[in-house]
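In: give me a model of this one.
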Amino acid sequence: MKIRLKLGDRVITATLADSKATQDFISLLPLTLTLEDYAGTEKISNLPQKLSTEGAPAGSDPSVGDIAYYAPWGNLAIYYRDFGYSSGLILLGKLDSGIEALAGRGPLTVTIDLASKP
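Out: Numbering: from 1, shown residues only. Sure thing, here's the model as predicted:
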């Protein structure tokens, strides 16, 4: 499944994995979030509700472009730098391109919606 991330006049697509957490995430769309920089590695934002962790691994090792859900905090994370293994991190998908639009320290407003219907 593909989603679109709209950052001002820029549109980035991403491909989502098939999981319970991803299905919960899709049910929240369309969604407008303010992404804040975290640790010079990722952009994060709280989600309006927790996502399912059913069937998810204990953690993940994210890389550039990964979209993830950090279950302990209930937030979405989009990685613009590599990061090490994190317990409670569930990978939701990966940006197809355009990661440079997310790099940097300032907050960004993003609208996320489905790029195509299931």
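In: low-confidence stretches in this protein?
Out: 116-118 (pLDDT under 70).
In: can you rerun that using 50?
Out: By pLDDT under 50, the weakly predicted segments of the chain are 118.
In: how about the helices in it?
Out: Ranges of helices in the chain, per DSSP state H, are 20-27.
In: centroid-nearest residue for it?
Out: I67 (3.3 Å; Cα atoms, centre = their mean).
In: residues in contact with that residue?
Out: 14, 16, 76-79, 91-95 (Cβ atoms under 8 Å, 6 or more residues apart in numbering). Any C-beta I mention is one placed from the backbone N, CA and C, and that applies to glycine too.
In: which one of these has the most neighbours?
Out: Among the contacts of I67, the one with the most neighbours (other Cβ atoms under 10 Å) is I78, at 27 neighbours.
In: would you agree that residue is in contact with L95?
Out: Yes - I78 is in contact with L95 according to Cβ atoms under 8 Å; the separation is 7.2 Å.
In: list residues touching both of those two?
Out: With Cβ under 8 Å, 6+ apart, I78 and L95 have common neighbours 65-67.
In: take those and lay them out in JSON lines including distance to T34.
Out: Below are these laid out as JSON lines (distance: Cβ to Cβ, whole Å):
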{"residue": "G65", "distance to T34": "20"}
{"residue": "D66", "distance to T34": "20"}
{"residue": "I67", "distance to T34": "16"}
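In: so which of those residues is the closest to G104?
Out: G65 (15.4 Å; Cβ to Cβ).
In: got a markdown table for the contacts of I67, with distance to P107 too?
Out: Output for these, formatted as a markdown table (distance: Cβ to Cβ, whole Å):
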| residue | distance to P107 |
| --- | --- |
| A14 | 20 |
| L16 | 24 |
| L76 | 14 |
| A77 | 14 |
| I78 | 13 |
| Y79 | 17 |
| L91 | 23 |
| L92 | 21 |
| G93 | 22 |
| K94 | 22 |
| L95 | 18 |
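In: lovely, talk soon.
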